[in-house]
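Participant: Provide a 3D model corresponding to the input given below.
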Amino acid sequence: MTMITRIDPFRELASFFENFTEAGGKDQLSAGTFVPPVDVYEDEHNLVVKLEIPGVNEDDLDVQVENNTLTVKGERKFEKEEKEENFHRIERRYGSFLRTFRLPNTIDTDKVEAHYDKGILKVSLAKREEAKPKQIKVGAGNGSKTLQG
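Facilitator: Predicted coordinates for the structure are as follows:
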């Protein structure tokens, strides 16, 4: 008997990307009251995660790295200056948030820095020395030269 299996390569690719970048996946999106947008990029020395969280006090942020997972928790508190019933519209999100990111093994978890300025939390995660690109000089002349990285 022949079995036909339908393959959806996009579902598999999406699943791989989700597992690579965020440890919590879709479950974490519903875990907090709001989900701050994030940019993730890297250069030759660092992997950088930037979260946009205006209105959050520095004291209300918790950044941790454990078991190759970066966890950022925080809370944006509702301003009690005005009574809630006096508002005509409330579009900004308030409450707690949680974002988790699985880190590659090339990150040195002992060298993590976090800075908060103008509503942007920037977490810089240093790459291990062996993960950084290396420049190799090529010698000129007769004979072969062994290149070492």
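Participant: Which strands or helices does the lengthiest strand in the chain pack on?
Facilitator: Longest strand of the chain, by residue count under DSSP state E: strand 107-117. Using 3 or more C-beta pairs under 8 Å, 6 or more residues apart in numbering; DSSP states H and E as the contact test, the elements touching strand 107-117 are strand 61-66, strand 120-127. C-beta: built from backbone N, CA, C; applies to glycine.
Participant: List of residues touching the last one?
Facilitator: Right, strand 120-127. Contact with strand 120-127 is made by 42, 44-53, 61, 63, 65, 70, 72, 103, 106-109, 111-116, as judged by C-beta atoms under 8 Å, 6 or more residues apart in numbering.
Participant: can you pull the buried residues of stretch 92-106?
Facilitator: Buried positions in stretch 92-106, judged by neighbour count with 16 or more other C-beta atoms under 10 Å: 97, 98, 99, 100, 101, 102, 103.
Participant: which residues of this protein fall in strands?
Facilitator: Secondary structure of the chain (DSSP E): strands located at 38-42, 46-52, 61-66, 69-76, 95-102, 107-117, 120-127.
Participant: in its sheet, what does the last one sit against?
Facilitator: I take that to be strand 120-127. Partners of strand 120-127 in the sheet, by DSSP bridges, are strand 46-52 (antiparallel), strand 107-117 (antiparallel).
Participant: Check the fifth one too.
Facilitator: Looking at strand 95-102 with DSSP bridges, its partner strands are strand 69-76 (antiparallel).
Participant: before we move on, what about the first one?
Facilitator: Using DSSP bridges, strand 38-42 pairs in its sheet with strand 46-52 (antiparallel).
Participant: Buried residues, the strand it pairs with. List them.
Facilitator: 46, 47, 49, 50, 51.
Participant: how about those in JSON lines, adding distance to residue 36 and pLDDT?
Facilitator: Below are these laid out as JSON lines (distance: C-beta to C-beta, whole Å; pLDDT from 0 to 100):
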{"residue": "46", "distance to residue 36": "20", "pLDDT": "93"}
{"residue": "47", "distance to residue 36": "18", "pLDDT": "93"}
{"residue": "49", "distance to residue 36": "11", "pLDDT": "96"}
{"residue": "50", "distance to residue 36": "10", "pLDDT": "97"}
{"residue": "51", "distance to residue 36": "5", "pLDDT": "96"}
